[in-house]
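Enquirer: Dropping a prediction and its sequence here:
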Amino acid sequence: MPIRYNISPELHMVIYVCRGVITAAEVFRTADAVFVDKRRRPGLIAIIDLLSAVENIYLEDIYETTRRIEKTADKGFAPGPIVLLSRSQGIHVLVDTIQLLPSKVPFKMGVFHTMEDVITSLGLSGLREEIIGFWHDSIAFYENS
């Protein structure tokens, strides 16, 4: 599987590590697994590491992303920030497009080139070492599974 996730209840964060060619359907399946994971808490910060992935995303996937966020909110779960870590210009355009779509649920989504930028954007500079350690642990977990 090209996507693995790791949850840190202490950091109130989930990191998705993606490798190789990935599809939106794979991201959605993994997000569904996170949703039922006992360590998950409402409003988790989601960081999706796409630095070693090649995205295979289509227009319908953009609409499905918005539908899923709204459906989760309808169940009473407010979405936490969603941050993508990617150097792909296509991912940057994708996030900009999603932000332009009408949604009845406000949510924060961003895309950044480095984990340092992610940490700064989330206002978590005081937890920099813990977050980077958790990210490295998540990568190691991916590589060892």
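Expert: Cool, got the structure. Because the structure is predicted, anything quoted here is derived from the model rather than measured.

Enquirer: for residue 122, what are its contacts?
Expert: Residues counted as contacts of residue 122 (CB atoms under 8 Å, 6 or more residues apart in numbering) are 45, 81, 83. The way it works is simple: take the backbone N, C-alpha and C, and place the C-beta from them, glycine included.

Enquirer: among these, which are in strands?
Expert: With strands identified by DSSP state E, the entries of these that belong to them are 45, 83.

Enquirer: now, among the contacts of residue 122, which is nearest to residue 57?
Expert: Of all the contacts of residue 122, residue 57 sits closest to residue 83, with 16.7 Å by CB to CB.

Enquirer: beta partners of the closest one?
Expert: Following DSSP bridges, residue 83 is listed with bridge partners residue 47, residue 110.

Enquirer: how about the helices in this protein?
Expert: 24-36, 59-74, 89-100, 115-121, 128-144 (DSSP state H).

Enquirer: For the second one, C-alpha coordinates in PDB please.
Expert: These are the backbone C-alpha positions of helix 59-74, laid out as PDB (Å, rounded to 0.1, in the frame of the first residue of the first chain):
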ATOM      1  CA  LEU A  59     -11.400  16.600 -11.100                       C
ATOM      2  CA  GLU A  60     -14.000  14.400  -9.500                       C
ATOM      3  CA  ASP A  61     -11.600  13.800  -6.700                       C
ATOM      4  CA  ILE A  62     -11.600  17.500  -5.800                       C
ATOM      5  CA  TYR A  63     -15.400  17.400  -5.400                       C
ATOM      6  CA  GLU A  64     -15.200  14.200  -3.400                       C
ATOM      7  CA  THR A  65     -12.800  15.800  -1.000                       C
ATOM      8  CA  THR A  66     -15.200  18.600  -0.300                       C
ATOM      9  CA  ARG A  67     -18.100  16.100   0.100                       C
ATOM     10  CA  ARG A  68     -16.200  14.000   2.500                       C
ATOM     11  CA  ILE A  69     -15.300  17.000   4.700                       C
ATOM     12  CA  GLU A  70     -18.900  18.100   4.800                       C
ATOM     13  CA  LYS A  71     -20.200  14.600   5.500                       C
ATOM     14  CA  THR A  72     -17.800  14.300   8.500                       C
ATOM     15  CA  ALA A  73     -19.000  17.700   9.700                       C
ATOM     16  CA  ASP A  74     -22.600  16.600   9.400                       C
END
